[in-house]
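Asker: coords please:
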Amino acid sequence: MIKIKNSKSKTKPFKVRYDGINGECLAPSQNLTTKENCFVNIRAMAGLFRVDSSQPIKVMDYTVLPPKEIVL
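Answerer: Alright, predicted model coming up:
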């Protein structure tokens, strides 16, 4: 599962986390300044795994309450 979460930084408030089925963090991102940068990070990571850009990517956004699912 791909998650967008708040970071502890004031200047770069977002981070992306890639979790496996067992809940273990596979790859954390660096802190990012905007949600748009998070989407760029997710698309770049999807390209590494040869995910076609026309396929939907489900992302959980935990920066809002209640958390919502975004499809890229």
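Asker: helix/strand/coil for residue 59?
Answerer: strand (DSSP: H, G, I helix; E, B strand; the rest coil).
Asker: What's the separation between it and residue 17?
Answerer: 10 Å (C-beta to C-beta, to the nearest Å). (Glycine included, C-beta is placed from N, CA and C.)
Asker: Please identify which of those two sits among more neighbours.
Answerer: Neighbour tally, residue 59 and residue 17, criterion other C-beta atoms under 10 Å: the higher count belongs to residue 59, 20 against 16.
Asker: any idea how far residue 11 is from that one?
Answerer: In terms of C-beta to C-beta, residue 59 sits 23 Å off from residue 11.
Asker: Which element, helix or strand, includes the residue most central in space within the chain?
Answerer: The residue lying closest to the centre of the chain (C-alpha atoms, centre = their mean) is residue 16, at 3.7 Å. Secondary structure assignment for residue 16, by DSSP states H and E: strand 14-19.
Asker: elements contacting that strand?
Answerer: In terms of contacts (3 or more C-beta pairs under 8 Å, 6 or more residues apart in numbering; DSSP states H and E), strand 14-19 is packed against strand 2-6, strand 25-28, helix 35-48.
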